[in-house]
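Colleague: for reference, the sequence and a predicted model appear below.
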Amino acid sequence: MSRRKKTRIVQEPPLFKQFKPAGVPARILKRINISVGEYEALRLADYEGLSHLEAAKKMEISRPTFTRLIDRARNKIATALIEGKEIFFHGGNFKFLRDLIKCMDCGEISRSKNVKKILEECPYCSSEEVVYLNQQFRGRQGRGGRRRGGGGRHGRR
Ligand SMILES: [Zn+2]
């Protein structure tokens with residue numbers, strides 16, 4: 001009997017999609033993928049300071065699964081820092097609870113109450129050039145938000 005991978009609940013999309021060592025051209029860098037679930041495990045335990053049990057509950061997974069996720073995330077980050085690799089947050093089976101909306105005019109980030117809520121314009125400057133950050137993260141995502149305005153995809157190389 002094979003066990004199905006459970007969807008990991010992720011509070012909101014990462015603010016940044018990738019990191020790279022300074023001064024090294026991207027074309028010669030090796031890439032390391034950290035799944036969105038691994039990112040969330042790291043954020044909850046090492047950034048927010050939750051216990052593994054509390055963090056596992058937030059992600060709606062078992063504590064052993066959580067421990068595996070965070071161990072993988074830490075190992076990948078250590079590898080990237082030491083060997084100089086480009087880190088991408090990418091993939092995995094996850095669902096965002098909320099979305100972050102970035103204004104391409106003033107740079108402010110707004111938080112939506114849930115991932116289905118669509119903001120028509122930036123609440124700070126009323127610009128319509130807003131980008132929904134959940135769109136940048138591929139994976140077997142539940143239903144994502146939609147992007148409006150001419151924001152285009154950023155982080156492109
Ligand atoms: Zn704005």
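Modeller: Noted; the coordinates are in hand.
Colleague: where along this protein do the strands fall?
Modeller: Taking DSSP state E to define them, one finds strands in the chain at 8-10, 18-19, 31-34, 86-89, 94-96, 100-103, 109-111, 130-132.
Colleague: who are the packing partners of the helix ranked longest in the chain?
Modeller: Secondary structure of the chain per DSSP state H: the longest helix is helix 63-83. In terms of contacts (3 or more C-beta pairs under 8 Å, 6 or more residues apart in numbering; DSSP states H and E), helix 63-83 is packed against strand 31-34, helix 36-42, helix 52-59, strand 86-89. Every C-beta, even on glycine, is put in place using the N, C-alpha and C of the backbone.
Colleague: mind exporting that helix as PDB, just the C-alpha atoms?
Modeller: This file holds the C-alpha atoms of helix 63-83, laid out as PDB (Å, rounded to 0.1, in the frame of the first residue of the first chain):
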ATOM      1  CA  ARG A  63       5.800  15.500  13.500                       C
ATOM      2  CA  PRO A  64       8.100  12.900  11.800                       C
ATOM      3  CA  THR A  65       7.200  14.300   8.400                       C
ATOM      4  CA  PHE A  66       7.900  17.800   9.700                       C
ATOM      5  CA  THR A  67      11.300  16.700  11.000                       C
ATOM      6  CA  ARG A  68      12.200  15.200   7.600                       C
ATOM      7  CA  LEU A  69      11.200  18.500   5.900                       C
ATOM      8  CA  ILE A  70      13.200  20.700   8.100                       C
ATOM      9  CA  ASP A  71      16.200  18.400   8.100                       C
ATOM     10  CA  ARG A  72      16.200  18.500   4.300                       C
ATOM     11  CA  ALA A  73      15.800  22.300   4.200                       C
ATOM     12  CA  ARG A  74      18.700  22.900   6.600                       C
ATOM     13  CA  ASN A  75      20.900  20.500   4.700                       C
ATOM     14  CA  LYS A  76      20.100  22.200   1.400                       C
ATOM     15  CA  ILE A  77      20.800  25.700   2.800                       C
ATOM     16  CA  ALA A  78      24.000  24.600   4.400                       C
ATOM     17  CA  THR A  79      25.100  23.000   1.000                       C
ATOM     18  CA  ALA A  80      24.200  26.200  -0.900                       C
ATOM     19  CA  LEU A  81      26.100  28.400   1.600                       C
ATOM     20  CA  ILE A  82      29.200  26.300   1.600                       C
ATOM     21  CA  GLU A  83      29.300  25.200  -2.000                       C
END
